[in-house]
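>>> build me a model:
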Amino acid sequence: MPKGVYLRTKSVWNKGLTKETDKRVKELSEINSISHKGKPSPRKGKKNTDIHNQRMKEVLKEKYEDGTYHVWCEGKKLTPEHIENLRISHKGQIPSAKSGGHNFRRYYHFSPLQGIVCFRSSYEYKYALYLEYINELYMYEAFTFDLGNTTYLLDFYLPRIEKLIDIKGKLEETSKLKIQQFRNEYPWDLDILYRKDLEKLGINMKIIISEISYEEATINENLNKINTEKIIIKGE
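So this is what the prediction gives:
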């Protein structure tokens, strides 16, 4: 994995490993203990080379082509037992609908590549439905990019066309600086989409979608179809 780019995956590489049984876990523990004592992280200020970034793209492309990443639920109908196991595995990890005194809508959704994900805005949820409507694979919040004094978490990665997408309701000054810094340091293809851009794709942004709970996302099989029919504006 290239330095400065962090890939979020469902599998956990260090599951069951301890400092006593695995050298990598021990080294990471020592690094974290140093950075937590007020000393700077050894990663701070480090940037990716173009070679690292290109290799990252090639690795991801290979994984989709050889089937390492695939739509595991394609053609399958989830059994009640499977749904219950999903619910148990996410117990205690479902974020609250309230954070910092502000209300945030949560849209839980069963995505083809990642399973249950939680969109934090209706814009992101509607765009995900649009991608599925046009049969475009996506990964949600899969990459975090190191920008030195901060990080940049992108909303969508489209592996088939190797494009990053960030959905914005409005562009604040801090976001402008992040985007500019990202484009200066990384050669990745990035598109910023606003409401008007989503509307040009044929997404009805005026329709209000009710908040979707984790239980609804796992039980109601027709929910995505119903919401897709609401938001997609079909041409003549």
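>>> lowest average confidence, helix or strand, in this protein?
strand 98-99 (a mean of 37; mean pLDDT, DSSP states H and E).
>>> let me see the ranges of the strands in the protein.
Assigned by DSSP state E, the strands in the chain fall at 5-7, 98-99, 102-103, 107-111, 115-119, 139-140, 143-146, 151-153, 156-158, 163-167, 189-193.
>>> same for the fourth one, what does it pack against?
What it means is strand 107-111. The elements that strand 107-111 packs onto, with contact taken as 3 or more CB pairs under 8 Å, 6 or more residues apart in numbering; DSSP states H and E, are strand 115-119, helix 122-133, helix 214-219. Any C-beta I mention is one placed from the backbone N, CA and C, and that applies to glycine too.
>>> buried ones in the last one?
If you call a residue buried by 16 or more other CB atoms under 10 Å, then helix 214-219 has these buried ones: 214, 217-218.
>>> could the strands of the chain be laid out in a markdown table, adding distance to residue 132 and mean neighbour count?
Formatted as a markdown table, these follow (distance: least, CB to CB, whole Å; neighbours: other CB atoms under 10 Å):
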| stretch | distance to residue 132 | mean neighbour count |
| --- | --- | --- |
| strand 5-7 | 22 | 15 |
| strand 98-99 | 27 | 10 |
| strand 102-103 | 27 | 7 |
| strand 107-111 | 8 | 21 |
| strand 115-119 | 12 | 19 |
| strand 139-140 | 12 | 22 |
| strand 143-146 | 20 | 20 |
| strand 151-153 | 22 | 15 |
| strand 156-158 | 12 | 20 |
| strand 163-167 | 14 | 19 |
| strand 189-193 | 16 | 15 |
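>>> would you mind giving the ones you listed as a markdown table with distance to residue 131 added?
A markdown table is the format used below for the strands of the chain (distance: least, CB to CB, whole Å):
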| stretch | distance to residue 131 |
| --- | --- |
| strand 5-7 | 19 |
| strand 98-99 | 26 |
| strand 102-103 | 27 |
| strand 107-111 | 9 |
| strand 115-119 | 12 |
| strand 139-140 | 10 |
| strand 143-146 | 17 |
| strand 151-153 | 18 |
| strand 156-158 | 8 |
| strand 163-167 | 9 |
| strand 189-193 | 12 |
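>>> what about these, which gets the closest to residue 225?
Set against residue 225 and scored by CB to CB, the strands of the chain come closest in strand 107-111, at 12.1 Å.
>>> hmm, who's touching the closest one?
73, 116-122, 124-125, 128, 138, 140, 209, 211-214, 216-218, 224 (CB atoms under 8 Å, 6 or more residues apart in numbering).
>>> so that strand versus helix 122-133, what angle?
Calculated by axes from the mean of the first three to the mean of the last three CA atoms, to 10 degrees, strand 107-111 forms an angle of 20 degrees with helix 122-133.
>>> any idea of the mean pLDDT for strand 107-111?
For strand 107-111, mean pLDDT rounds to 87.
>>> okay, the angle between that strand and strand 115-119?
Going by the same axes, to 10 degrees, strand 107-111 makes 150 degrees with strand 115-119.
>>> how about strand 107-111 as CSV, C-alpha atoms only?
Extracted C-alpha coordinates of strand 107-111, given in CSV (Å, rounded to 0.1, in the frame of the first residue of the first chain):
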residue,chain,number,x,y,z
TYR,A,107,-29.0,6.7,5.3
TYR,A,108,-28.0,3.1,5.8
HIS,A,109,-27.7,1.3,2.5
PHE,A,110,-26.6,-2.2,1.3
SER,A,111,-24.0,-1.4,-1.3
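>>> no further queries at this time; thank you.
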